[in-house]
Each structure stands twice: as structure tokens, then as C-alpha cells.
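> Quick one: sequence plus predicted model below, questions after.
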Amino acid sequence: MILENIIVASVIIASAFGFPVIACIIGAVKKRKVVKPLEYVPPRGASPIDVLIRYYGASAEPREIFNPLMLYWAERGFITIEEDCKRGLKLTKIKDLERPKSNDGFDSDTFEIESRLFGNLFKGGNDVFYTLAAQEKFKSGYENIMSDCKKQAKKVTERKSGKIKIASLIVSFATLFTIVALVGIATENKAVIVCAFPCVAIAMAKFALGSAFSDDGIPKGSSARFLLVPFFCMTGGVPTVIVFMLLPVSAAVILSVAIFCCVVTVFFISEKIDIRDGEQLKFYARICGFKQFLLLAEKSRLEMLVEEDPRYYYNILPYCYILNITEKLKSKFDGIALDGPAWYLGELRETLMF
């Protein structure tokens, strides 16, 4: 490959790769610069699911949402929690789930997801659920609910980021095809067209595994997925490696870089694009303000809040789990006198602390 073509190919790859990277930077800067008000509590109408989705956006991982929701339901009087040495925690239903009285942070779509999970726990008129004795039907239903929760999380950023993500995918695939064509022209090697196979393999791995299989009911962690990923890698990789052996070193390097950048953009960078509108940023800022307050607040200030509201600690605990700050708050709350929660029936109350 002549020097001019190497330079042209490098510029094309850099431009295509830089587009989604710049979009990620813009989104991160907007979130960093937003004014974060001082908040002693999270939005009162927001459940742990709402905070998880609005804070993390498309990168939210709802699989660990059960424990925060369990504490949230217990504090609101829907269930009691009791230790059972053989079957884990015993959850006893007190009353049906009700929507929060406050509309501040309330979302009907996430409440529907929350209600479905609560209904799966206590379906068939059964008012007792043991965490370690969950049946396969519950686990399957839990997977479906978590999938819906993930879809809801993606909607947080889709309003502003959706078109940019699609554009980044189109640009990535178009760039790879362009580099393949450029290499073929420069080397006068028609066999290089085989290098289009990675484009097809990457597209299949992205769209077939990312969306179609979820809708068909195959869990993301199923063995089918793990078998199909190497299948697509082999389908796209083996023909490409063979062609690489017939190309000049410079051409093979350029193609390798183009394929690598396409894979990284499609599977990683495009998923990190998080550009939010004003309303979404405002809610995000409030959660950040709440988190910063807890991390920066002096112990005496937290003591005053507990004195004003003895339930303060148990009200914020589910959200602390969501924000991954429980360990950092342990030293602050360890020395504060806390009444045991009425909804926890057991002798090891400290197991709920952190």
C-alpha cells in the first residue's frame, strides 16, 4: 500500500472512531457541570428502581435490585423480614403494593415493573416468600422483569443519545467497508473482499444477540449466547486471517486497526454514549446532590437528621445500596444510636446495616 493510501485510511479510521468518543465526552461533561443541589433525601416519589435508572442510565445493572427493593418495601410497610437459617430470609406480605403518595420522581412504567416483581413473590394467594427457596418459575420471571428494567434504563438516554448511537454504528460499519475497499484498490487484490465477513459477524453479534434473542425469551446469560459469540468470531475471523496472510504488512495492519476500532465502537463506546436533556439532567443532579451530601456530611449533621426522623437511616438505606456508598457511610452511622426496624423480625439486626 502506498503512503498516500495509508494516510487516507488512518484519517478515515481516526475520524470514525473519534465521533462516538467525542459524543461520550460531551455527555460526561454535561453531567459533570450540572448544578447539584443539596439533598438530604432522594426524590420522595422515586423507588430504588427509579434512582438506579435515572442515575446510571443505559449502563444501569438491575440484577442486584432485589435487596434494595426488599428493604424499601419493608420500610413502607408492605412486608416484614425474618431470618430463617435454612431458607434464607422469610418475607411476609402485609398488604398489596401501593404507589407513593408523592409524584416527585414517580414513574408509572417503573412502578409497573416493581408491581410485577412484588406480584411474582406473592402470587397464588401465598403471603410468604423464602429467598433461598425461590422456585425456577420465579427465577425465570425475575430475568424477564430485569430485562424490562434494562430496557427502561436505556430509554433515559435514548431521547438525546439514540440518534447519535445509530449514527456511530452506521459510521463504524461504513468505515470498515471503506477501508476494505481502499485496501483492495491499493493492493489490487480481489480476495480482500473476504474481509467484509467481519462486518457481517460484528453486525450479527451486535443485533442478533443484543435484541432478537431477548425478545424471544432467551436469557442473556444462557449457554446459547456463549456458543453463538465464538461462532460469529470464527465466521468473521478465520477468512480474514487467511486473507491477511496474502496482504502486505502495512495493508494487514490498517485492516486490523479498522476491525478493532469497529468492534470497540459497536460493543463498548456506543453503549457509553449518555447525553441527557434538561429534565433528565435535573433529576440526575438531585441524586448526585443526595449522594454528595451523605459522603461529605459530618457525623453530627447525620445525628441531627436521625433525631428529627428516627426512620431516616432506614429510609435512605435502599438508595445507598443503589449508589454503592454503604461501605463509605459505615463509619458515620456506626456511632449513631438507631432503633431497630419494626419490620425486621430477628435477633441479628446488624446484618441489615451494611
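Okay, I see it. Residues are numbered from 1 along each chain as shown.
> ok, residues contacting stretch 172-182?
By C-beta atoms under 8 Å, 6 or more residues apart in numbering, the residues outside stretch 172-182 that reach it are 5, 8-9, 12-13, 16, 20, 192-193, 195-196, 198-199, 202-203, 254-255, 258-259, 261-262, 265-266, 270. To be clear about C-beta, it is placed using only N, CA and C from the backbone, and glycine gets the same treatment.
> Select the longest helix from the chain.
The residue-count maximum for a helix in the chain (DSSP state H) belongs to helix 136-187.
> any idea how far it is from the chain center?
14 Å (C-alpha atoms, centre = their mean, to the nearest Å).
> could you pull out the strands for the stretch 1-150 of the chain?
79-84, 88-93, 128-130 (DSSP state E, counting those that start in this stretch).
> I'd like the ones you listed as CSV, with mean neighbour count, mean pLDDT and distance to Ile113 appended.
Shown next, in CSV, are those (neighbours: other C-beta atoms under 10 Å; pLDDT from 0 to 100; distance: least, C-beta to C-beta, whole Å):
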stretch, mean neighbour count, mean pLDDT, distance to Ile113
strand 79-84, 18, 88, 17
strand 88-93, 17, 89, 18
strand 128-130, 16, 89, 18
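> quick revisit: what mean pLDDT does the longest helix of the chain get?
The pLDDT scores in helix 136-187 average 84.
> what does stretch 342-354 give?
Here the average pLDDT along stretch 342-354 is 58.
> What of stretch 306-314?
91.
> What residues of it count as buried?
Val306, Tyr312, Tyr313, Tyr314 (16 or more other C-beta atoms under 10 Å).
> Give me the contacts around stretch 90-103.
So stretch 90-103 is in contact with 43-47, 70, 73, 77-84, 106, 111, 114-115, 118-119, 121-122, 127-131, going by C-beta under 8 Å, 6+ apart.
> Now it - C-alpha only, PDB.
Output in PDB follows, covering the C-alpha atoms of stretch 90-103 (Å, rounded to 0.1, in the frame of the first residue of the first chain):
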ATOM      1  CA  LYS A  90     -38.600 -15.000  55.100                       C
ATOM      2  CA  LEU A  91     -40.600 -12.200  53.500                       C
ATOM      3  CA  THR A  92     -44.200 -11.900  54.700                       C
ATOM      4  CA  LYS A  93     -46.700  -9.800  52.800                       C
ATOM      5  CA  ILE A  94     -48.600  -7.300  54.900                       C
ATOM      6  CA  LYS A  95     -50.600  -5.600  52.200                       C
ATOM      7  CA  ASP A  96     -50.600  -5.000  48.500                       C
ATOM      8  CA  LEU A  97     -48.100  -2.700  46.900                       C
ATOM      9  CA  GLU A  98     -49.300   0.900  46.600                       C
ATOM     10  CA  ARG A  99     -47.800   3.800  44.600                       C
ATOM     11  CA  PRO A 100     -46.000   6.500  46.500                       C
ATOM     12  CA  LYS A 101     -48.100   9.500  47.700                       C
ATOM     13  CA  SER A 102     -45.600  11.900  46.200                       C
ATOM     14  CA  ASN A 103     -45.300  12.400  42.400                       C
END
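> quick one: low-confidence ranges for the protein?
1-5, 134-137, 196-201, 204-239, 346-354 (pLDDT under 70).
> Start from the N-terminal end of it and give the helices.
Under DSSP H, the chain gives helices at 3-33, 48-56, 66-75, 108-121, 136-187, 197-207, 213-215, 223-244, 249-264, 270-272, 278-296, 299-308, 312-322, 326-334.
> what's near enough to touch Ile7?
With C-beta under 8 Å, 6+ apart, Ile7 has no contacts at all.
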